[in-house]
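In: structure, please.
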Amino acid sequence: MFSIIGIVVVIGAIVGGYLMEHGNLKVLIQPAELIIIGGAALGTLLIANPLPVIIKLLKGVAGAFGSEKFSKDRYLDTLKMLNELFVRGRKGGISSLEQDVETPDKSEVFKKYEKVLKDHHILHFICDTLRMAMTGTVSHFDLDQMIELDLEVHHKEVNVPVAALTTVADALPGLGIVAAVLGVVITMGSLGGPPEEIGHKVAAALVGKYWTREFEFSQLPQMMLRSAIYSAIVLFLVAAAAVFSWVLIFGKVPQETAGWIQSAAKDPVSFMLICNVILLIIGTVIDGIPGLIMTVPILLPVATDIYHIDPRHFGVVVVINLVLGLLSPPVGLCFFVAAAVTGAKPGKMFMVTLPFFVISCVLLVLLSLYPSLSLILIK
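Out: Presented below is the predicted three-dimensional model:
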């Protein structure tokens, strides 16, 4: 009952404060966001847990909205039942409890306390403990240790559904990021539309972040300040890369490089390998978009007309090369952005990601040698 009251208070306070500031409730109703986040959370729960845990979890959630199972009368009944068992065992000897322990449903003592008899956890715990005591081979100290171990195992089993639900709850911010990224993709598709439509898409993405407890409106000023700082860092790097690319174009470096590649490459494979090396070097000092503008108009005609390379395959290789350049020094635009966000040093980040960079380079070579790998989805 108190759980329901608590939920009503929380929702009422949030909605009430939102309406006090003349907020529109329709903006908060985003079924698509809830389906993405809730469906992903439910799927994660089903993947990570067996069916018995899911069933216990559902029963526990339903029990949270019901009445309290363990009341004062329940504890008193349990103590009274234990007292009757101990008195009988003291008078007739502990062996006199054998019939009660082996068939509790027929025991006169257990029949008086139906709640205890229906709770198999309590019933099995009491019967198993008395059964061990009746053997006479277990000392009092060992019996105490076994009881504590039995309780510990029981508590661990009971907490498995709780731990499963807690894990899913901890994963909600990550699932909210998925919904936000999808919202950004939809927003990017609406950039040519009216500002109201773009604002609606952005608001929907923020609602998804709010439902996952990753976004709070009090964080908005700090988020805007940090976004401005990070944007300034990125724009300075992009501006420097643009100036450098202009210097290269003014010096006709791309044209000279294309001529040298054409004279050195005897077949399409050697042409692609030489392009990989040059594009990786260009990507380390120039941002991706200026690198594309500077290299593709020159290298693409050579690749398609002379070496008869599929333009789609060549485009995939060029993009991967320039993206890898964003992850390598000295410019390493992505490293500087990640360092600004996390506070880590770019050099240390590069050493950590170096194995993944090498693996990506190997995959790039395989793409160059086997064009079908990049065209398999198209074909």
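In: residues in contact with residue 258?
Out: 298, 299, 302 (CB atoms under 8 Å, 6 or more residues apart in numbering). The C-beta positions use only the backbone N, C-alpha and C, and glycine is treated the same way.
In: and the nearest residue to residue 371 once chain neighbours are set aside, how many neighbours?
Out: The shortest distance from residue 371 to any non-neighbouring residue, by CB to CB, 6 or more residues apart in numbering, is to residue 313 (4.4 Å). Neighbourhood size, residue 313 [other CB atoms under 10 Å]: 21.
In: in contact with residue 313, which residues?
Out: 367, 371, 374, 375.
In: please repeat the previous calculation with a cut-off of 7 Å.
Out: Going by CB atoms under 7 Å, 6 or more residues apart in numbering, residue 313 touches 371, 374, 375.
In: tell me which helix or strand it sits in.
Out: Under the criterion DSSP states H and E, the helix or strand holding residue 313 is helix 311-325.
In: buried sites along stretch 56-65?
Out: For stretch 56-65, a neighbour-count test (16 or more other CB atoms under 10 Å) marks 56, 57 as buried.
In: other residues contacting that stretch?
Out: Outside of stretch 56-65, the residues within contact range by CB under 7 Å, 6+ apart are 3, 4, 69, 161, 164, 165.
In: where along the chain do the strands fall?
Out: For the chain, applying DSSP state E gives no strands.
In: how's it carved up into domains?
Out: 72-162, 233-375 (automatic domain parsing).
In: among these, show me which one is buried the most.
Out: Of all the domains of the chain, domain 233-375 has the most neighbours on average by mean count of other CB atoms under 10 Å, namely a mean of 16.
In: quick one on the thing from earlier: and the helix holding residue 313, average pLDDT?
Out: In this model, helix 311-325 has a mean pLDDT of 85.
In: kindly report the same for stretch 6-21.
Out: Stretch 6-21 shows an average pLDDT of 79 in the prediction.
In: distance from the chain centre to that stretch, please.
Out: Distance, stretch centre to chain centre, for stretch 6-21: 28 Å (CA atoms, centre = their mean, to the nearest Å).
In: measure the residue nearest to residue 165 when sequence neighbours are not counted to residue 168 for me?
Out: Nearest non-adjacent residue to residue 165, counting by CB to CB, 6+ apart: residue 57, 6.0 Å away. Residue 57 sits 10 Å away from residue 168 when distances are taken as CB to CB, to the nearest Å.
In: got any ranges where the stretch 51-200 of the chain has weak pLDDT?
Out: 63-68, 174-200 (pLDDT under 70).
In: and the helices in it?
Out: For the stretch 51-200 of the chain, the helices defined by DSSP state H, counting those that start in this stretch cover 51-64, 72-92, 98-102, 108-111, 114-118, 120-135, 140-189, 195-211.
In: and the stretch 201-350 of the chain, by the same measure?
Out: Here the stretch 201-350 of the chain has its helices, by DSSP H, counting those that start in this stretch, at 220-250, 253-264, 268-285, 288-301, 311-325, 333-342, 346-369.
In: residue 38 is nearest to which of these?
Out: Nearest of these to residue 38, taken as CB to CB: helix 220-250 at 24.7 Å.
In: that closest one - what's its average pLDDT?
Out: Averaged across helix 220-250, pLDDT comes to 68.
In: and what of stretch 258-274?
Out: Across stretch 258-274, pLDDT averages out at 82.
In: can you check the distance spanned by it, start to finish?
Out: Using CA to CA, to the nearest Å, the end-to-end distance of stretch 258-274 comes out at 10 Å.
In: what sits against residue 255?
Out: residue 298.
In: now do it, the pLDDT please.
Out: pLDDT, residue 255: 70.
In: what's the spacing between it and residue 312?
Out: Applying CB to CB to residue 255 and residue 312 gives a distance of 24 Å.
In: do the same with residue 9
Out: Using CB to CB, residue 9 is found at 58 Å from residue 312.
In: over to residue 99?
Out: Distance, residue 99 to residue 312, by CB to CB: 82 Å.
In: in space, what's closest to residue 373 - neighbours in sequence excluded?
Out: Leaving out its chain neighbours, the residue that sits closest to residue 373 by CB to CB, 6+ apart is residue 367, at 5.4 Å.
In: am I right that that neighbour is in contact with residue 317?
Out: Yes: using CB atoms under 7 Å, residue 367 is in contact with residue 317, at 5.9 Å.
In: need the contacts of residue 313 in JSON lines with pLDDT and distance to residue 140, can you?
Out: Listed next are those as JSON lines, based on pLDDT from 0 to 100; distance: CB to CB, whole Å:
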{"residue": "371", "pLDDT": "83", "distance to residue 140": "78"}
{"residue": "374", "pLDDT": "77", "distance to residue 140": "74"}
{"residue": "375", "pLDDT": "76", "distance to residue 140": "77"}
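In: fine, thanks again, bye for now.
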